[in-house]
Structures are given as C-alpha cells and as structure tokens.
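Asker: Can you look at this prediction? I've put the sequence above it.
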Amino acid sequence: MQAMTIICKHCGVELEKSMDKCPLCHLSPGEEATEQNFRANKSVMLIKQKMNLWLAFTVISFSTIAFTILINLIIDSSLNWSLYVAGSVFSAWAYYTIYTFFKHYIFMWVPLALSVTLGNLLLIDALSGGNFWFFKLGFPIASGAFILSGIFHFISRHVKYQGFNLLGYALLVIVALSLIIESSIGLYKTDEIHLWWSLFVAISATPISLILLFIHYRLGKGNDLKSFFHI
C-alpha cells in the first residue's frame, strides 16, 4: 500500500506523511511562514540556484575542453590550436568560479583573477613562438590593471560618502595605468622607458582629479556648489 502524501503549503513540494519538515523550505507543513523564515528560505534557494548554475557551467566548460582536445588529436595527431581554446575556456570557467564564490572578498578575487589572467597570457606567449612579450608587456600591464582595479574597488566600498571623489580616484587610476602601459611598451621595444602620451594624460587628468576631490571634501563639510560655480 502506497504511503499517504501531503503537499507543503509554502512551496508546493509533495511530502510523505512521516516527514516533519519540507526538504526544500525547511518548514513544517502546518507552520506559518514568518518574514524570517521567508528570508531564510529565499537565501537557501538562491544558494542552490547559484550552485546549480556553477555545476552546469563546469560541466559545459570541461566537456568543451575535452571535446576540442579530442578533435585536435584526431585531426593533427598532436596538440596545437586546441590549447588556445582550452586555455580560453578554462580561464572563463575560472573567472566565473571566482565571481561565484569570492566576489565579496576583494583580497581573494583580485590575486586569483590575476593569476588566471597571467597564466593564460603566459600560455599564449609560449604557444605563439616564444617572443617572451609576456614578461615585459603582459605581466606588468595585467598586474597593474588588476592591482589598480582592486584598489579602486576597495576605496569605493569603504569611503563614507560617494560622489565626486570616485570620479577623482578613477582619473588617478587611469593616469597610473597609462604610465604603466607606456613604460612597459618602451621596455619591450627599446629596453628603455620613454614617456610621452602618458605624461599628457597625467598632466591633463591629475589637476581635474584633485579639483574633484577638493570639491567633494568641501561638500562634505556642508558647503554648497553655488560657492564654487556662482549659480
């Protein structure tokens, strides 16, 4: 004889009569859903949804890598072009994994994402003939971009008031990244640092950044924009 079943009135899951708690919402069938229980249930469902999406993406990513490598071995009896695809797909999976599990922990996702990027660039450099552009171009530019992005993200999340100051900090980040890019290009081409266009960026953007930071500071003291622009 089949056991009698009941329906959870909170989420509609079919339960056996012997069950005291619903396996989905963790509430008893006759329990009233309070605001706290509702939030807890929603949080559990979001975590499960996130994990299901990550598992699906993991299966698709590694299946793509395996299938691509297999095709490359069948056609060429060696690994060449499939390594580019495998590296790119693996990097995409790694980025998604880092975003899924560490997006709220800046001191973890910045070095992890940077490591993935540097590893992918090093692989491309090695497969493209060994010009060793990675050490003079890829490494300093990618490291500078990630470190500056991490610093900006940290500042934007911890400043007390957000406004003109974020624009000012963003301009300073652009200035620093421009100097890093031109310096790296100079070292790669001539083994010397030649600054030209990045200096124009610095000369143009730095005063504007300082003005924005000053305006934000004055507004934080209770001043009005009319005192600056006579409006």
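Answerer: Great, that's in hand. Keep in mind that this is a model prediction, so the values were computed, not measured. Numbers count the residues shown, from 1 in each chain.

Asker: all helices for the chain, in order.
Answerer: Counting by DSSP state H, the chain has helices at residues 35-76, 81-102, 106-127, 133, 139-158, 164-190, 197-220, 226-229.

Asker: could those be laid out in CSV, adding distance to residue 22 and mean neighbour count?
Answerer: For glycine as for every other residue, the C-beta is placed from the backbone atoms N, C-alpha and C. CSV is the format used below for these (distance: least, CB to CB, whole Å; neighbours: other CB atoms under 10 Å):
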stretch, distance to residue 22, mean neighbour count
helix 35-76, 9, 13
helix 81-102, 26, 16
helix 106-127, 35, 16
helix 133, 58, 16
helix 139-158, 37, 16
helix 164-190, 45, 18
helix 197-220, 50, 15
helix 226-229, 60, 10
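
Asker: can those helices go into CSV with extra columns for mean pLDDT?
Answerer: Shown next, in CSV, are these (pLDDT from 0 to 100):
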stretch, mean pLDDT
helix 35-76, 83
helix 81-102, 92
helix 106-127, 89
helix 133, 87
helix 139-158, 90
helix 164-190, 92
helix 197-220, 89
helix 226-229, 52
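
Asker: So which residue is dead centre in this structure?
Answerer: residue 99 (5.2 Å; CA atoms, centre = their mean).

Asker: Can you tell me how far that residue is from residue 72?
Answerer: 29 Å (CB to CB, to the nearest Å).

Asker: ok so, going back, the residue nearest to the centre of the chain contacts residue 108, correct?
Answerer: No: using CB atoms under 8 Å, residue 99 is not in contact with residue 108; the gap is 11.4 Å.

Asker: Where do the domain boundaries of the chain fall?
Answerer: Per automatic domain parsing, the domain ranges recorded for the chain read 1-33, 35-229.

Asker: How far does the last one sit from its chain's centre?
Answerer: Meaning domain 35-229. Relative to its parent chain, domain 35-229 has a centroid offset of 7 Å by CA atoms, centre = their mean, to the nearest Å.
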